[in-house]
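Engineer: 3D, please:
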Amino acid sequence: QVQLVESGGGLVQAGGSLRLSCAASGRTSSSYSMGWFRQAPGKEREFVGGISWSSITAYADSVEGRFTVSRDNAKNTVDLQMNSLKPEDTAVYYCAVRYGNLRRRNYEYNYWGQGTQVTVSS
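Structural biologist: Presented below is the predicted three-dimensional model:
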């Protein structure tokens, strides 16, 4: 089992920044990929960005150039730096882990955090 705990959400004005962090514990290893997803009310959960076990990153088109994912294998943490936030970025953000290569589909992930709310005001 892997436990994931997100932190760093909150309320920010449009144009501002937030940094989310996801701490992994339990049966972790450096060979996992972590994805960040978000879900706004009435919408499906969508891929935001992620980082593979080999530190290859990928992002959704909607956040490319604004969001950055990084990982610290020694601490078992993965961060999501969000800059130039927009009201449409408002959602609950989740981190998720899968073993193997990075994927964009939520059903390919085995473990999920509880989510953290990000609200961007206009």
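Engineer: going forward, measure contacts and count neighbours with C-alpha atoms only.
Structural biologist: OK.
Engineer: give me the distance between Val118 and Leu85.
Structural biologist: For Val118, the distance to Leu85 equals 10 Å [CA to CA, to the nearest Å].
Engineer: low-confidence ranges, this protein, go.
Structural biologist: Scanning the chain for pLDDT under 70 picks out the ranges 29-30.
Engineer: would you map the helices across it?
Structural biologist: Using DSSP state H, the chain contains no helices.
Engineer: name the residue closest to the centre of it, please.
Structural biologist: Nearest to the geometric centre of the chain sits Trp36, at 2.4 Å (CA atoms, centre = their mean).
Engineer: in contact with the closest residue to that residue other than its chain neighbours, which residues?
Structural biologist: Computed as CA to CA, 6 or more residues apart in numbering, the closest residue to Trp36 that is not its neighbour in sequence is Cys95, at 4.5 Å. Cys95 makes contact with Leu4, Glu6, Cys22, Met34, Gly35, Trp36, Phe37, Trp112, Gly113, Gly115, according to CA atoms under 8 Å, 6 or more residues apart in numbering.
Engineer: quick check, nearest of the residues you listed to Lys75?
Structural biologist: Proximity of those to Lys75 (CA to CA) peaks at Cys22, which lies at 10.4 Å.
Engineer: got a list of what the residue lying closest to that closest one once chain neighbours are set aside touches?
Structural biologist: Nearest non-adjacent residue to Cys22, counting by CA to CA, 6+ apart: Glu6, 4.4 Å away. Glu6 sits next to Leu20, Ser21, Cys22, Ala23, Tyr94, Cys95, Gly113, Gln114, Gly115, Thr116 when contact means CA under 8 Å, 6+ apart.
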